[in-house]
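**Student:** Below are the sequence and a predicted model for it; my questions follow.
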Amino acid sequence: MTFKVYSGPVGIDAVSPIHKDRMLFKEFPSFDDALSWASHIKETGRVAFLIEDETGRTLSKREIAAAIADRDARDVRGVTARRG
């Protein structure tokens, strides 16, 4: 399954489907890779505002932030996050 990570400037929120087609995205083979990219681009002054899988299921900007925070918290506690 593939995942698209849509990104934009800090402050962007949800966008309409028409505008989404013109937004930047990067495609990944796994959710973990997509989440890692979403975390990485935060350091570059951009933000991931949507992750979408090939079936159309989506994670919003807030859901992405929560997933990254959860993963980071598990890493800090020394618990290995499940990969795959």
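**Tutor:** Nice, thanks for sending it over.

**Student:** Could I get the contacting residues of A48?
**Tutor:** Taking Cβ atoms under 8 Å, 6 or more residues apart in numbering, we find A48 in contact with 5-7, 37-38, 41-42, 61, 64. For every residue, glycine as well, the C-beta is placed using N, CA and C.

**Student:** Could you rerun that using 10 Å?
**Tutor:** Going by Cβ atoms under 10 Å, 6 or more residues apart in numbering, A48 touches 5-8, 12, 25-26, 34-35, 37-42, 59, 61, 64-65, 68.

**Student:** Then A34?
**Tutor:** 2-5, 26-28, 48, 51-53, 59, 64, 67.

**Student:** re the thing from before, filter the contacts of A48 to the buried ones?
**Tutor:** Among the contacts of A48, those classed as buried by 16 or more other Cβ atoms under 10 Å are 5-8, 12, 25, 34-35, 37-39, 41-42, 59, 61, 64-65, 68.

**Student:** Now, the residues you listed that are in strands?
**Tutor:** 5-8, 25, 59 (DSSP state E).

**Student:** Which residue is the nearest non-sequential neighbour of the spatially most central residue of the chain?
**Tutor:** Taking Cα atoms, centre = their mean as the criterion, A38 is the residue nearest the geometric centre of the chain, at 4.2 Å. Spatial nearest neighbour of A38, excluding adjacent residues (Cβ to Cβ, 6 or more residues apart in numbering): A48 at 3.5 Å.

**Student:** bridging residues for that neighbour?
**Tutor:** Beta-bridge pairing for A48 (DSSP bridges): S7.

**Student:** Check what pLDDT it gets.
**Tutor:** Looking at A48, its pLDDT reads 93.
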